[in-house]
Each structure stands twice: as structure tokens, then as C-alpha cells.
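J.: My questions are about this predicted structure, shown below with the sequence.
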Amino acid sequence: MEPTTSPKKLQFSPAGQAEIKRLFTHYPEDRSKSAMLPILHIAQAEFGGWVSPEVQDLVAETLNIKPIEVYEVASFYTMYNLKPVGKHVLEVCRTGPCMLRGSDELTEHLERITGAKMGETSPDGVFTLKEVECLAACGFAPIVQVREKYYEQLHTPEAVDAMLNELRNLVHRPILSWEENGLPNSVQDN
Amino acid sequence: MGRKLLTEHINVEGINTFEVYRKHGGYRSVEKALKTMTPDEVTEEVKKSGLRGRGGAGFPAGMKWGFLAKPEGVPRYLVCNADESEPGTFKDRQLMSKLPHLLIEGMITGSYALGARTSYIYIRGELLYVLRILEKAIAEAYAAGFLGENILGSGYSLDLHVHPGAGAYICGEETALLESLEGKRGNPRNKPPFPAVQGLYARPTVVNNVETIAAVPIIVNEGGDEYAKIGVGKSTGTKLISACGHVNKPGIYEIELGVPVEEFIYSDEYCGGIWKGRDLKAVVAGGSSVPILPKELILKTAAGEPRLMTYESLSDGGFITGTMLGSGGFIAMDETTCIVKNTWNYSRFYHHESCGQCSPCREGTGWLEKVLHRLEHGHGSMHDIDLIVSVAKQIEGNTICPLGEAAAWPVAAAVRHFRHEFEWHVKHPKEATMPGAAYRGAAVLA
């Protein structure tokens, strides 16, 4: 889905609005600010993978709070991207357990193949490399997360290339309903 | 072969659905509690079980429940801490994605005991797919009459919701988690007041780890006394250990507390030894925040007793020669591991994850990262080794929340047991900065 970045007025999609309405039922009426984090997730998915100041303003308006209350939250949590990103954000875990299992080599390979340094977007705009901390999958290290999917045990260049090829052909759907189900491939048997 | 209480049915086909879970005895604890027990009787069983918080602190769960304030007419909450982020720990993710109904059952039985009418599962935002699995399972539980109004005709009603975080290790600290659940930055709160008195929305709240809550159905079904028979001393029941790093078989193992560490590492039932036929150098036994121990001290206590996987045995010797069971995030390192690089990696982590509220942590974690960076990269001095110990000491005990300690302990322990590796980096910067370089000498035992 193309981000709706018209210079006029941003709006959540009808499905996004329905999901937000559902979220509001989770919290006491006078505590709707609680829905901030899930709404920011929806906003990031609907508006091109990052939350621009305008998108954050829309979230403030949706929650009927001051924009600063959204800015201070969006800037605190690492999952919210505050700058434009490529089509796919590769969240590369580099914390201890992944390092022990080759996250340095994984990073080198990713940088070489995509042409992007860690923290940057590839020249073709397809991949953004983002360094993240422990993703709670240490037993399947090293790991890359792309949206809701975990790519695990990326020990070999072949495994990394397979992931990149899969992603090149993948179009993200916006995260609209969390009731949608489906186990990702990455839920591994133990 | 130890008993499996939590994971007995984990590999049953379709166990993530209500129907199959129910067929295997699921939701019996809800029936038993709501139909035959008072809320206080449920709490009493949890107290008798000796169950301790499985998130890392190991505080007795029943006692925590007992602290909950119960003023008339004021809502109270049970919040599940599913913000699993402690490096080395990946048990809750697996438990929730495979056995979502076990957690939901525990939430219902636990909420009944505490008198909560609305409860939340706060899950880290990265685990979006697990959130979907939980929401589907919750919908099934509503449809079957185990959630919602008047559950099983008992007159007790409960709503259960899942709430995502958005990438912040600090939100695993319970008051930061509550701030986050209220839609704010995850800054830990000053205590007191404790959440048991003023928690979510300033109402009395209990926050428990996923694994703690998942143990509640078993305790209610079998009785607290039966549960307490498993394990050793005050380490009762079973614990999920997530093994990673340089072991042959990384993964999640449910152990009866009391298994010898040596057996856990080397037996084929568990980790299956160290990979590539190498020797073990060191272990971080309970998530990255606990002190690292060299091979000799993780296998045996300073007194020469076999070290057991229990809260008490792992902490035998205090921080001089012991460590902690923590979250059960078991990170093994082989002989080729560079302890200096490893320590620098974690100091980077804690610097990144410090919320910035308290100066000793905000500044101190940055100092640790910088000084460890220069030590690792061959620009350090002997003085730097004492400097990081001094910085760690000044963080410890001077912050609102335990992230300060979590950042300080691993550094202090690394220098305590592996000082010679730091010195080697200072004395031989060329060798130490070669790719894959690591000091191969023996460790210091105390």
C-alpha cells in the first residue's frame, strides 16, 4: 500500500480506524492515552514505515492529547522510526548471544550485499539496516527481524541471501487487525 | 528425566487451539478455583507452593499477591509482564507462541485470586506475531465462556487484553511497564508507593512474569504442597531455562530446580556440551545482568560443592564467587570468547537501554561503554581497568530502578574473574585487536 502523504490532511484507513476503535475498548474511558503505543504501531505501518511529525500529530488528534505527549513517546521507543526508511527495515540483533553466534559476520555480509552501512538505507531504497538489541530469540541466533517476521539462524551467506531475495519480492501489508492470525515461519520447533 | 509441568503438552498438535488444550486438561484450574475455592484460598495455594517470580528477581509470588491492597470499590489489576528482553532469555516467547492458553488460564485463575476484573498482558512490541496468537486464543476463551461476564456461572467476570510495547528493555521493570501501559515513556517510578498499592492508573496492581502466571494453573490443580515437593529447599517447582551461546543444543529446557549445572551443560538431555569440541570458558547463568562466572566456579562452588540450578546454589558465595539464577537466560561461552569484547557488548546494551532519568546510570553506562571500547580496541591503560570498576560501583545502588545494577554487575564480575584478559589487552594491543583474538589463559577464581 502506498503511503498517503498528501500535503493536506492525513487520515487513517477505514480498517485502521476500526482497529483503533477496538483498541479504545481495552482501557477505561478516561484512560484512552493507554492506546498510544498500539496506535503508533498502526500509524507507522499505514504511513510508509515511519512516523513523521505530521503522523505523530494525527496520533495526538486521535487520542485528543497534546502533540508533545506523542513526540516524547515516539522518540523513546526504538521501534518507531523517526526518519524515512527503505521498503524493508532489517532489524539486526547485535547483543551478546547473537554476537557469540556470528552477528558481526552477518552484519558485514548484509552491508556488502545491500550497499548500506548499519543505520542507513541501501541506494536502491529497498533495505534499511537497523541495529537493535536483544530480540528474545537467542537460541536461534543470529537473528534479523523484518516487521512481524523473525529470520533465525542466519549462519551462512546463503541463508542471508535467501532472506534478502524473499524480501525483494515481498510487499508488506499494513498491520490492520491483530486478530488476523497465522504463525510465521520463524516459530521454530525446539 | 525431570517432570515437565509447563511444557508437558507443548508438542501436541494443535495445542494452541482452545479445543485441543481443553482436551488435555486445560482450564481445569479455572473450574476448580471459581467453583470450589475462595480467592484467598487460591492465593494460599500459591503461597504454599513456594513459587518464586520467574522474571529474574525470584521474589515469592504468593507473598507478592498477599501485599495487594484491596480497598472497597477500587478496581485492581493483574498485569502480565511479557516484555521478555533480558539478553539470553527467550523462554516466554516460546511458551506464549506454543501454549497461549496456558498463560490465559493462569491469568484468569490469578485474576480471580486477586479480584481483578480487567487484566492485561504487556508484550514487547517486537513479538507482534505472538500478540496475534494470544488475541486469537483470548477470543476462543471468550467464546467458550472462560472470559467475559459471569464466567462458568460463577458470578465472576473478567476482561483480558494484550498490549504491545515498542522496543524498550527498561519496560521489563514493573513500574516502567505500567507507565508504558498508560501510554507514556517507560521511566521507572520512585518506590514507594509500590504497585501493590498504586500501580496501573494508580490502582492496586500485581505484575507477574509470563512463566510465573503459567505455573498458577498447575499449582491450583495439584495443590501448593505437591508443587513444593519438586525442587530443592526454597527453589521449588520447575523452571524454564533458555540456553544459548556456544552450546551444542541451544533451546528452552524445563528443568526441575536442582539439576547440577554440569549435567545441564554436558548431558544430552539438555545442552549436549560445548560446540565444536571446544572447552567451556565462562557462563552467564541468569540473563546478561547477572555476574559472569568462569568455568571452574559455575561447575563448582568455591567450597568445591557441585553447583546446582537453584536460586540458592547459584548465588552461593555472593558476588565474590557466585552469581544468580535470574531469568534463566543461560549464556555459555567457549574458550575462544573474548571476555573484554563481550563485556563491552553488554555495556553498549545497557547504555542504549538506560532511560536517562538517573544521572549515575545515564552517564555511568556511557562511561562504561566508552572506556570498554578503548580497552577492547587496544587504546586502554591499566588505569582504565580500575576506572570501569569504580564507575560500576558508583552506579550501583544510586538509581531508581535495578537497571543501574544490571549494568554494573557484569562489568565488576568480568574484571573480578578475568582481570588478566583486560591487562592482556592493555599490554598486547596488537594481538588483542586481531580479528577473533581472545586470551586463552586460565581464569582467576576469586
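T.: Happy to help now that I have it.

J.: Quick check: the gap between the residue nearest to residue B:200 when sequence neighbours are not counted and chain A.
T.: Distances taken as Cβ to Cβ, 6 or more residues apart in numbering or on different chains place residue B:77 nearest to residue B:200, at 4.7 Å, with adjacent residues excluded. Placement of C-beta: from N, CA and C, glycine included. Here the criterion is Cβ to the nearest Cβ, to the nearest Å. By it, residue B:77 lies 11 Å from chain A.

J.: Test my guess that residue B:77 contacts residue B:198.
T.: No. Using Cβ atoms under 8 Å, residue B:77 is not in contact with residue B:198; the gap is 11.3 Å.

J.: Which one's more surrounded, these two?
T.: residue B:77 (24 against 18; other Cβ atoms under 10 Å in any protein chain shown).

J.: Would you map the helices across chain A?
T.: A:14-24, A:36-46, A:53-63, A:67-74, A:96-100, A:103-114, A:157-168 (DSSP state H).

J.: Now do the strands for the stretch 301-446 of chain B: every range, in order, please.
T.: Along the stretch 301-446 of chain B, the stretches classed as strands by DSSP state E, counting those that start in this stretch are B:329-334.

J.: what pairs with the helix or strand hosting residue B:241, and is each one parallel or antiparallel?
T.: When elements are assigned from DSSP states H and E, residue B:241 belongs to strand B:238-245. If you go by DSSP bridges, strand B:238-245 pairs up with strand B:251-256 (antiparallel), strand B:329-334 (parallel).

J.: Pick the most deeply packed of those.
T.: strand B:329-334 (a mean of 28; mean count of other Cβ atoms under 10 Å in any protein chain shown).

J.: could you dump that one to PDB, C-alpha only?
T.: Extracted in PDB, the C-alpha atoms of strand B:329-334 (Å, rounded to 0.1, in the frame of the first residue of the first chain):
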ATOM      1  CA  GLY B 329      18.900 -17.000  30.400                       C
ATOM      2  CA  PHE B 330      21.900 -19.300  30.300                       C
ATOM      3  CA  ILE B 331      24.700 -18.000  28.000                       C
ATOM      4  CA  ALA B 332      27.700 -20.300  27.600                       C
ATOM      5  CA  MET B 333      31.000 -19.100  26.100                       C
ATOM      6  CA  ASP B 334      33.700 -21.300  24.700                       C
END
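
J.: Report the rounded mean pLDDT for it.
T.: When pLDDT is averaged over strand B:329-334, the result is 98.

J.: Could you do stretch B:300-314 as well?
T.: In the prediction, stretch B:300-314 has an average pLDDT of 97.

J.: Figure out which of the helices of chain A is closest to chain B.
T.: helix A:36-46 (3.5 Å; Cβ to the nearest Cβ).

J.: what about that closest one, average pLDDT?
T.: The model assigns helix A:36-46 a mean pLDDT of 95.

J.: do it and chain B meet at all?
T.: Yes. Judged by Cβ under 8 Å from any Cβ of the partner chain, helix A:36-46 comes into contact with chain B through A:36, A:37, A:38, A:40, A:41.

J.: May I see the buried residues of stretch B:275-293?
T.: Neighbour-count burial for stretch B:275-293 flags B:275, B:280-293 (criterion: 16 or more other Cβ atoms under 10 Å in any protein chain shown).

J.: First-to-last residue distance for that stretch?
T.: 19 Å (Cα to Cα, to the nearest Å).

J.: Report the set of residues contacting both of residue B:77 and residue B:198.
T.: residue B:204 (Cβ atoms under 8 Å, 6 or more residues apart in numbering or on different chains).

J.: which residues touch residue B:147?
T.: Residue B:147 neighbours (Cβ under 8 Å, 6+ apart): B:104, B:108, B:138, B:141, B:158, B:159, B:160.

J.: Would you map out the domains in chain A?
T.: A:14-74, A:88-168 (automatic domain parsing).

J.: Quick check: which of these is buried the most?
T.: On a mean-neighbour basis (criterion: mean count of other Cβ under 10 Å), the most buried of the domains of chain A is domain A:88-168, at a mean of 20.

J.: And for residue 161, nearest residue in space, chain neighbours not counted?
T.: I'll assume chain A. Nearest to residue A:161 is residue A:113, by Cβ to Cβ, 6+ apart, at 7.0 Å.

J.: Chain B was what I was after
T.: Closest to residue B:161 by Cβ to Cβ, 6+ apart is residue A:26, at 4.2 Å.

J.: And the one you found, what's its pLDDT?
T.: 97.

J.: hang on, isn't it packed against residue A:37?
T.: No. Counting by Cβ under 8 Å, residue A:37 is not a contact partner of residue A:26; they are 11.6 Å apart.

J.: Now for residue B:189, how many residues are close by?
T.: 19.

J.: Residue B:142: what's it in contact with?
T.: For residue B:142, the contact set (Cβ under 8 Å, 6+ apart) comprises residue B:148.

J.: before we move on, back to that, which one among the contacts of residue B:147 gets closest to chain A?
T.: residue B:159 (8.1 Å).

J.: Now do stretch A:55-67, average pLDDT.
T.: Rounded mean pLDDT across stretch A:55-67 is 98.

J.: Need the contact partners of that stretch.
T.: Residues external to stretch A:55-67 that are found in contact with it (Cβ under 8 Å, 6+ apart): A:10-12, A:20, A:32-33, A:35-36, A:39-40, A:43-44, A:47, A:51, A:69-71, A:74, B:183.

J.: Show the model's pLDDT score for the closest residue to chain A within the stretch 251-400 of chain B.
T.: Evaluated by Cβ to the nearest Cβ, the stretch 251-400 of chain B has residue B:251 as its residue closest to chain A, separated by 4.4 Å. Note for residue B:251: predicted pLDDT of 96.

J.: Equivalent analysis for residue B:432, please.
T.: Model confidence at residue B:432 (pLDDT) stands at 87.

J.: Kindly tell me how buried it is, as a neighbour count.
T.: So residue B:432, with other Cβ under 10 Å, has 23 neighbours.
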